[in-house]
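this one's structure only:
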């Protein structure tokens with residue numbers, strides 16, 4: 001699995017790389033950043 005932080009339409013977010021695209025997990029989850037999501041231990 002590969003997670004990424006990026007900016008989409010001027011908003012900082014994070015997601016999961018799938019094929020040639022990215023699933024925006026920041027828009028779907030309760031965490032404000034990839035760092036917070038990793039710290040929660042709930043990404044796997």
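Cool, got the structure. From a predicted model like this one, the values you see are computed outputs, not experimental measurements.

what about the helices in the protein?
34-40 (DSSP state H).

pLDDT of stretch 12-27, averaged?
Averaged over stretch 12-27, pLDDT sits at 95.

so which bits of it are buried?
Buried residues in stretch 12-27, counted by 16 or more other CB atoms under 10 Å: 13-15, 22, 25-26. For every residue, glycine as well, the C-beta is placed using N, CA and C.

out of those residues, the closest to residue 39 would be?
residue 14 (12.5 Å; CB to CB).

of all the buried residues of stretch 12-27, which two lie farthest apart?
Greatest spatial distance among these (CB to CB): 22 and 26, at 10.2 Å.

what touches both of those two?
Counting by CB atoms under 8 Å, 6 or more residues apart in numbering, the shared contacts of residue 22 and residue 26 are residue 15.

quick revisit: out of the buried residues of stretch 12-27, list just those in strands.
Of the buried residues of stretch 12-27, the ones assigned to strands by DSSP state E are 13-15, 22.

any chance of those in TSV, with distance to residue 41 too?
Listed next are those as TSV, based on distance: CB to CB, whole Å:
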residue	distance to residue 41
13	20
14	15
15	18
22	22
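
of the buried residues of stretch 12-27, just say which sits nearest to residue 42.
Using CB to CB, residue 25 comes nearest to residue 42 of those, at 10.6 Å.

grab the nearest non-local neighbour of the closest one.
Residue nearest to residue 25 in three dimensions, not counting chain neighbours: residue 15, with 5.0 Å by CB to CB, 6 or more residues apart in numbering.

surely that neighbour touches residue 6?
Yes: the pair residue 15 and residue 6 qualifies as a contact (CB atoms under 8 Å) at a distance of 7.1 Å.

got any residues that touch both of the two?
Common neighbours of residue 15 and residue 6 (CB under 8 Å, 6+ apart) are residue 22.

got a pLDDT number for residue 40?
92.

now do residue 4
96.

make sure it is actually in contact with residue 12.
No: counting by CB under 8 Å, residue 4 stays clear of residue 12, with 11.6 Å between them.

can you tell me how far residue 36 is from residue 19?
Remark: distance between residue 36 and residue 19 (CB to CB, to the nearest Å) = 26 Å.
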